[in-house]
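Peer 1: Build the 3D model from these lines:
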Amino acid sequence: MKPIIICTFYRAPHDSQGTQIEELDLSLSKLGNKINTHNVIITGDFNLPNINWENHHVTPNSGYSTVAANKLLSLVEEHGLIQHVNEPTRKQGNANNILDLVFTNRPGLIKKLNVVDGIADHNTVIIDVNISPKRKHRPKRKIFIRNKADHLNIQKSLDDFTHEYFSLNQNMTVNDKWNLVSTKIINIMKHYVPVRLTTSRYNLPWFNKDLKKMCKRKKRLYKKAKISRNPEDWQEFCNIRKDMHKHLRSARLSYINQFLTTAITDKPKAFWSFISKLRQDNQGIGDLNIAGNIISDDKQKAEALGNQFKSVFTYEGNSKLPNLNDSPHGKIPELTISLKGVHDQLSKINTSKSQGPDGIPPWFLNRYAYHLTPIIHDIFQSSVDSGQVPKAWNEANITAIFKKGNRAETSNYRPISLTPVISKLLEHIIHSHIMKHLEQHHILTDHQHGFRAKRSTETQLIQTVHDISKYLDEKKSVDMAILDFTKAFDKVPHKRLIHKLKYYGITGPISSWIESFLAERTQQVVINGSASKPIKVTSGVPQGTVLGPLLFLLYINDLPNNLTSNVRLFADDCLLYQPIKSDNDISLLQNDLIKLEEWQNTWLMKFNPTKCFTMTLASRKPTPNIYTFCGQQLKSVQSHCYLGVQVSNTLNWTEQCNSVARKAQQTLGVIRRNLNQCPTHIKSIAYTTLVRPILEYASASWDPHCLKHIKTLERIQRQAARFCTHNYSREPGTVTQLFKDLQWDTLQTRRKIKRLSIIYKMEHNLIDIPLDHYIQHNTRTSRKHDSQFLQIRYSANIFGSSFFPKTIKEWNSLPSNTVSSKSLKSFQNSLIQHFNN
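Peer 2: Residues are numbered from 1 along each chain as shown. Below is the predicted model of the structure:
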């Protein structure tokens, strides 16, 4: 257990210059490395209600010190602290203010926080500290030791079985075939692959045999000294304890140097496992609240979550299917699977993935791909031709993944299906076959960017921000509706889905196969080896499968039809926006919301109006308009997180930059606490792999032009550079030299390279943003290069600093040899060289 440092603080209301905040900062600085290695809790009355702790934004002109508030936010970011109080601690008249705060240096340190009535004018903040999380001993399970497998005998057994299989399978169903093959594979593994049981010990990975011997000797010497009370015995015990601590530190650093260097990039799962253990944060699913009863037993929790997932299923019954008229689309051709295609799928299996409920590990299928290909090929083709899925492939183990909110509520978890690896291989083949059909007939709506090649959240956001900022530049306001489905993937009704697939030309054996894939599924929730009763799945597309996302896209593919507003879809995230010039435009958006209500009723999906919002965007202070949806008036918000980016009603990026900086600061704090003694290259890899991606997520769509926003982001990287090099000198030019030593570009330069790379991708059809829709080539010759674009005119910075206007200007100024690069990599290298020069 890590030591705890508890600090209490009071800031007087008259301290307008934040002098007391500076003193607190000095005190924390004096802790030195302890703020990284110890658990730190800071509580107190800060008298700064003008800080919005959700977005770390200071409200100006609030009557409270802006200087002190900004100093406190800087302190929080500098020391990697997390503030946990999010409800008022002082109520006076109509004012509800958060004055009393609780900070920690580790997110999981506070298990529970309650604000209750106090004896004075302030409420009382009660915190439940999570000092030593309860670890549950997981049941032992068998693991096959593949590096000790008898490969020659396995290969011979598989070859012999192949002849036997093809002599027996002529009149067998695909289910019988797979049962025969899976049983044989398991038996072969039992005979020729050694097994061992997992242990439930929690030894540190660097705690080697020598340290274990020293630990045992230390315990013996302690017992001896305690009994004899001889000073010499006590001295011998102290010497071995000191020696053991020295060897422990050495072993830890050695392990980190040898293991984490490769694990951070090659095995991120192993790296995060290491970090999670050191963070001492709770793992897995904690206690659940079921109708006021707290349950801790894994079996009961699995049953509770299983019942929750079952409760959201859609009941379709025998209701009449909606009329889709005659299909204009061609029929999908029959699928003929090649031996090479099956072998390629087996050879590409990720051997580090978990095995499915069938007990066949991925590495076995991959290692013996050549010997298994003829049998697997026959099963795949039989499955497709008959339109039947082996029963075992439709049995899923469910892992419950926490989303957000209260961890004790079962509704805050979503189910992820773990299915047999072999079934996913056939899903890949069928997925590829369906996609060829969809692309050939241009069936998928262009409004959808989720789960599609050459598209991403960033491509979606670039186009959305461009549209809105262009409207604002034209002096139009924009009304936006952000819509949220309720359990979208779990509610898709199967009959209606098959009905739509047939309309899109997906008929015949492929349609029958998908129907079998969906209609005959069962699932059980598994927690630490304890499983719920199997539940029949009556609706939904399974999350965690290959086909599930594509089937969902096809089901909501017609949602944008007949809508007049701009529509953006990313999987189940739905966004409508409409430029507003008159009341008629407001009516257009309201009518579109009514059409979506009709769509959900027809197709038995469900929006959640309590989680749907509207936003009015304008260059000046906007006046929100009123909209109703699903019988409720939609709440108007000033900002909203859309696809991971905080969009405000004035389209400035203050909240986004603050939010990104806060998340990056927290992750940097984790690295600081756990890798503080590591060499520079380990810290640098950790930063560039774990922190910098947070700062750069979808940044091409929101790249800030304001100096204060740029500094907010750069400050995180400057802190990281000092941490990585352990150089905290404040001499001018120090950080610039640190960046050179670490070979880091500034974040601003990296964002510029990223934006220009997207233009290059658009030019070479490497990304699915229609070039001609947004920019036009300049037909005039230029001394710079021949790939010039016409500059987009603008009247305000909101549009001028958006992706296309800003990036086109930079693209046009590039040297010819850079623009004419033959590959994206050479283009980026040329950019770096150009900017460095």
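
Peer 1: how many other residues sit next to the residue lying closest to Leu461 once chain neighbours are set aside?
Peer 2: With sequence-adjacent residues excluded and distances taken as Cβ to Cβ, 6 or more residues apart in numbering, Leu461 is closest to Ser701, at 3.6 Å. C-beta: built from backbone N, CA, C; applies to glycine. Ser701 has 25 neighbours, counted by other Cβ atoms under 10 Å.

Peer 1: Val129 now?
Peer 2: 15.

Peer 1: Give me the phi and psi angles of it.
Peer 2: phi -90, psi 130 (degrees, to the nearest 10).

Peer 1: Now do the same contact list for it.
Peer 2: 4, 41, 109-111 (Cβ atoms under 8 Å, 6 or more residues apart in numbering).

Peer 1: from those, which is closest to Gly292?
Peer 2: Lys111 (19.4 Å; Cβ to Cβ).

Peer 1: what about the closest one, helix or strand, and which?
Peer 2: strand 110-116 (DSSP states H and E).

Peer 1: list the buried ones in that strand?
Peer 2: With burial defined by 16 or more other Cβ atoms under 10 Å, the residues of strand 110-116 counted as buried are 110, 115.

Peer 1: partners of that strand, with directions?
Peer 2: Strands flanking strand 110-116 in the sheet, each with its direction: strand 124-129 (antiparallel) (DSSP bridges).

Peer 1: what is the rounded mean pLDDT of the strand it pairs with?
Peer 2: Here strand 124-129 scores 88 as its mean pLDDT.

Peer 1: Residues in contact with the longest helix out of those in the chain: which ones?
Peer 2: In the chain, taking DSSP state H as the definition, the longest helix is helix 231-255. For helix 231-255, the surrounding residues in contact (Cβ under 8 Å, 6+ apart) are 204-208, 210-211, 214-215, 217-218, 221-222, 224-225, 677-678.

Peer 1: what about the strand holding Lys111, distance to the chain center?
Peer 2: For strand 110-116, the distance from its own C-alpha centre to the chain's C-alpha centre is 27 Å (Cα atoms, centre = their mean, to the nearest Å).

Peer 1: So for it, could I get the coordinates as PDB, restricted to C-alpha?
Peer 2: Only the C-alpha atoms of strand 110-116 are listed here, as PDB (Å, rounded to 0.1, in the frame of the first residue of the first chain):
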ATOM      1  CA  ILE A 110     -11.800   8.200  -4.200                       C
ATOM      2  CA  LYS A 111     -14.200   5.200  -4.100                       C
ATOM      3  CA  LYS A 112     -17.300   7.300  -3.300                       C
ATOM      4  CA  LEU A 113     -18.000  10.900  -2.600                       C
ATOM      5  CA  ASN A 114     -21.200  12.300  -1.000                       C
ATOM      6  CA  VAL A 115     -22.200  15.900  -0.200                       C
ATOM      7  CA  VAL A 116     -24.600  16.000   2.800                       C
END
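
Peer 1: what's it in contact with?
Peer 2: By Cβ under 8 Å, 6+ apart, strand 110-116 touches 84-85, 87-89, 102, 104, 123-130, 282.

Peer 1: That one - what's its average pLDDT?
Peer 2: Per-residue pLDDT values across strand 110-116 average out to 83.

Peer 1: Kindly report the same for stretch 168-185.
Peer 2: Stretch 168-185 shows a mean pLDDT of 91.

Peer 1: ok, now stretch 24-39?
Peer 2: On average, the pLDDT along stretch 24-39 is 80.

Peer 1: Same check on stretch 605-621?
Peer 2: 92.

Peer 1: And it, end to end?
Peer 2: Using Cα to Cα, to the nearest Å, the end-to-end distance of stretch 605-621 comes to 36 Å.

Peer 1: Spell out the residue ranges of the strands in the stretch 151-300 of the chain.
Peer 2: For the stretch 151-300 of the chain, the strands defined by DSSP state E, counting those that start in this stretch occupy 195-197, 288-290, 293-295.

Peer 1: In CSV: those strands, plus mean pLDDT, mean neighbour count and distance to Ala664.
Peer 2: Shown next, in CSV, are those (pLDDT from 0 to 100; neighbours: other Cβ atoms under 10 Å; distance: least, Cβ to Cβ, whole Å):
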stretch, mean pLDDT, mean neighbour count, distance to Ala664
strand 195-197, 84, 11, 41
strand 288-290, 86, 18, 32
strand 293-295, 86, 11, 35
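
Peer 1: Can you tell me the closest non-neighbouring residue to Ile716?
Peer 2: Closest residue in space to Ile716, ignoring its immediate chain neighbours: Ala664 at 4.9 Å, by Cβ to Cβ, 6+ apart.

Peer 1: Can you verify that neighbour is assigned to a helix?
Peer 2: Yes - Ala664 forms part of a helix when assessed by DSSP: H, G, I helix; E, B strand; the rest coil.

Peer 1: need the contact list for it.
Peer 2: Here Ala664 is in contact with 691-692, 694-695, 716 (Cβ under 8 Å, 6+ apart).

Peer 1: Pick the one among those residues closest to Gln170.
Peer 2: Minimum distance to Gln170 across the contacts of Ala664 is 57.5 Å, recorded for Ile694 (Cβ to Cβ).

Peer 1: May I have the residues that are in contact with that closest one?
Peer 2: Ile694 makes contacts with 660, 663-664, 667, as judged by Cβ under 8 Å, 6+ apart.

Peer 1: from the contacts of helix 231-255, which would you call buried?
Peer 2: In the contacts of helix 231-255, the ones that pass as buried (16+ other Cβ under 10 Å) are 206-208, 211, 214, 218, 221-222, 225, 678.

Peer 1: Can you say which two of these are spatially most distant?
Peer 2: Every pair of the buried ones among the contacts of helix 231-255 checked by Cβ to Cβ; the farthest is Ala225 and Cys678, at 35.4 Å.

Peer 1: Using the three-state scheme, assign Asn601.
Peer 2: helix.

Peer 1: again with Asp358
Peer 2: Strictly by three-state DSSP, Asp358 counts as coil.

Peer 1: Leaving out sequence neighbours, find the closest residue to it.
Peer 2: Pro420 (4.3 Å).

Peer 1: do you know how far the one you found is from Ala661?
Peer 2: 43 Å (Cβ to Cβ, to the nearest Å).

Peer 1: So which bits of stretch 347-363 are buried?
Peer 2: Buried, per 16+ other Cβ under 10 Å, within stretch 347-363: 349, 355-358, 360-363.

Peer 1: which among the residues you listed gets closest to Glu54?
Peer 2: Nearest to Glu54, judged by Cβ to Cβ, of the buried residues of stretch 347-363 is Gly356 at 40.2 Å.

Peer 1: so the closest one touches Asn394, yeah?
Peer 2: No - with contact defined as Cβ atoms under 8 Å, Gly356 does not count as touching Asn394 (11.3 Å).
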